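S.K.: Please find the sequence and the predicted model below.
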Amino acid sequence: MFRIIALLTPVFVSLFWAIILQSDRKNHSRSRSFLAKLMLLMVVLFTVKFFNFEPLPDVYPYLDVIHMYAGCLIFPFYHIYFRLLTIDEKFSWKAHARFLILPTVLVTVYGVATLITPGIEFKTWLFNRHAFPDSPQVHFLNIMRPLLNCYVVFQVIYYLVRNTILLRKYGNRAEQFYSDIEDGKYNNANMLNYMIVINAVVTIICYIIFLRYSWMVYIFPSIYAIYVYLVGYMGYKQKAINPTFDLISNFYAESSSEQEFPAVYNILLQKLLTEFEVNKIYLNSQLNILDVVQAVGANRSYISSVINQQYNQNFCSFVNNFRMQELQRVYADNPEYTNESLAEYCGFGSVSSLRRSVYAKTGLSITEWKNHNVSQQQVG
C-alpha cells in the first residue's frame with residue numbers, strides 16, 4: 001500500500017495544481033492556463049509511470065505509447081510556457097505546433113512499430129529488452145526506444161538553451177508576472193528554467209543508476225512530487241498582470257471605435273498624472289496596474305495605452321521613474337537617511353529593489369549615486 005501511495009504522489013500533486021491554476025479566476029492569465037495544461041500532461045505521464053513501475057504487465061502495454069508521447073511533450077510544453085511568459089501573448093497552433101511536430105512523428109513511428117510487433121513479443125520485450133533477439137520488429141523497437149530516450153535528453157539541453165536566451169532578452173517581461181514594479185535579476189523565471197535540469201537529472205539517475213535497488217522506487221516519486229509542487233507553486237505565485245503586452249493595439253481591439261481614444265485621452269492622462277503627481281500613489285510598494293485602474297476608473301488596456309503612447313514606457317518603468325524622482329527629492333533634503341529609510345519613504349519596498357532601480361536608471365550603485373548627488377550639490 002505504501003508503495004502505491006508513493007508512486008501516486010506525483011499524480012496527486014500534478015492534479016492539485018492543474019485544478020488550482022485553472023480555477024483561480026482572480027489571477028487568471030493565458031500563461032497560468034497553459035501551465036495548468038502542462039500539469040494535466042504530467043498527470044497522464046505519472047499515472048502511466050505508476051503502471052510501469054508497479055509493474056502491471058497486463059495493463060501497461062496498452063499505455064506504453066502514451067507514456068512515451070507524454071514524456072516527449074513535457075519539455076516542448078515547458079518551452080511554450082516560457083514563450084507565454086516572455087514573447088507570446090497566447091497559445092496558438094500556428095505559432096507553437098512546430099515544437100510538437102517532431103515528438104509526434106517519432107512517437108507515431110514508435111507506435112506503428114508496437115502495432116506490427118506480435119502481441120506476446122511486445123509484452124515480453126517491455127519487461128525484458130533481451131527477449132526475442134531474432135525478431136525484426138523487436139530489433140526495430142530496440143532502436144526506437146533508445147532513440148526516443150536520447151531525444152528527450154536532447155530536448156532538455158535544447159530547450160534549456162532556448163529558455164535561457166529568452167530570459168536574457170525578455171526576462172523583465174517574465175518577472176513582471178511576479179511583480180509589476182521591479183526590474184530584478186529574474187530570479188523567479190530563472191528558477192523555473194533550472195527546474196528543467198532538476199527534472200532531467202532525476203529522470204536520468206532514476207532510469208540509469210538506481211532502479212536496480214527496489215527501495216529507490218519510494219524515493220524518486222517523492223522527488224518528482226517536490227519538483228512538480230515547486231513548478232506549480234511558482235506558477236501560482238504569478239499574477240495575471242503583464243504590462244508588456246498591453247500595447248496601443250490592445251486598446252483599439254477593445255474599443256467600440258477608434259474615435260473614442262482621442263476623446264478620452266486627455267481626461268485619462270490628467271487623472272493618471274493626478275494619482276501619481278498629487279496623490280503619489282507610487283509610494284505604495286505593492287502597487288500594481290489594477291490598483292491604478294481602480295483609482296483612475298478606466299480599464300487596464302486604457303491605462304497601458306496612455307503610458308505607452310505618451311511616455312513610450314511600460315507600467316514598470318513608469319512607476320519607477322516617479323520613485324526615482326521621489327528618491328532625488330528625499331535624499332536631497334535628508335542625506336543622512338539610510339538605504340532602508342530611502343526605500344521605505346520612496347515606495348521601493350526593499351533596499352534590493354532600490355538598488356536595482358537606481359542601477360537600471362543611472363548605471364550606478366546606490367553608493368556611487370549618493371556620491372554623485374553630493375558632488376552636484378556642492379558644485380551648485
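M.R.: Yep, that arrived.

S.K.: Now do the buried residues in the host helix or strand of M195.
M.R.: For M195, the enclosing helix or strand under DSSP states H and E is helix 187-204. Residues of helix 187-204 classed as buried: N188, A189, N190, L192, N193, M195, I196, I198, N199, A200, V202, T203 (neighbour count, 16 or more other C-beta atoms under 10 Å). C-beta here means a position set from N, CA and C on the backbone, and glycine is covered the same way.

S.K.: name the helices or strands packed onto that helix?
M.R.: helix 64-86, helix 136-175, helix 219-237 (3 or more C-beta pairs under 8 Å, 6 or more residues apart in numbering; DSSP states H and E).

S.K.: quick one on the thing from earlier: may I see the buried residues of helix 187-204 arranged in a markdown table, with distance to T338 as well?
M.R.: Formatted as a markdown table, the buried residues of helix 187-204 follow (distance: C-beta to C-beta, whole Å):
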| residue | distance to T338 |
| --- | --- |
| N188 | 27 |
| A189 | 31 |
| N190 | 30 |
| L192 | 34 |
| N193 | 35 |
| M195 | 37 |
| I196 | 40 |
| I198 | 39 |
| N199 | 43 |
| A200 | 45 |
| V202 | 44 |
| T203 | 48 |
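
S.K.: how about low-confidence regions in this structure?
M.R.: Where the chain drops to pLDDT under 70, the residues are 25-27, 172, 176, 179-186, 206-217, 240-264, 301, 374-380.

S.K.: and if we set it to 50?
M.R.: 182-184, 242-259 (pLDDT under 50).

S.K.: With just CA atoms, put stretch 65-78 into PDB.
M.R.: Extracted C-alpha coordinates of stretch 65-78, given in PDB (Å, rounded to 0.1, in the frame of the first residue of the first chain):
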ATOM      1  CA  VAL A  65       2.900   4.700 -26.400                       C
ATOM      2  CA  ILE A  66       1.100   7.200 -24.200                       C
ATOM      3  CA  HIS A  67       3.900   7.100 -21.800                       C
ATOM      4  CA  MET A  68       6.500   7.800 -24.500                       C
ATOM      5  CA  TYR A  69       4.400  10.600 -26.000                       C
ATOM      6  CA  ALA A  70       3.700  12.300 -22.800                       C
ATOM      7  CA  GLY A  71       7.400  12.200 -21.900                       C
ATOM      8  CA  CYS A  72       8.400  13.700 -25.200                       C
ATOM      9  CA  LEU A  73       5.900  16.500 -24.900                       C
ATOM     10  CA  ILE A  74       6.800  17.700 -21.400                       C
ATOM     11  CA  PHE A  75       9.800  19.800 -22.400                       C
ATOM     12  CA  PRO A  76       8.200  21.400 -25.600                       C
ATOM     13  CA  PHE A  77       5.200  22.300 -23.400                       C
ATOM     14  CA  TYR A  78       7.600  23.800 -20.800                       C
END
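
S.K.: which residues does the residue nearest in space to the middle of the chain contact?
M.R.: The chain has F82 as the residue nearest its centroid, 5.1 Å off, counting by C-alpha atoms, centre = their mean. The neighbourhood of F82, defined by C-beta atoms under 8 Å, 6 or more residues apart in numbering, consists of R162, N163, L166, L167, A174, A189, L192, N193.

S.K.: cutoff 7 Å now
M.R.: N163, L166 (C-beta atoms under 7 Å, 6 or more residues apart in numbering).

S.K.: Distance-wise, check it relative to V197.
M.R.: Going from F82 to V197 by C-beta to C-beta, to the nearest Å gives 14 Å.
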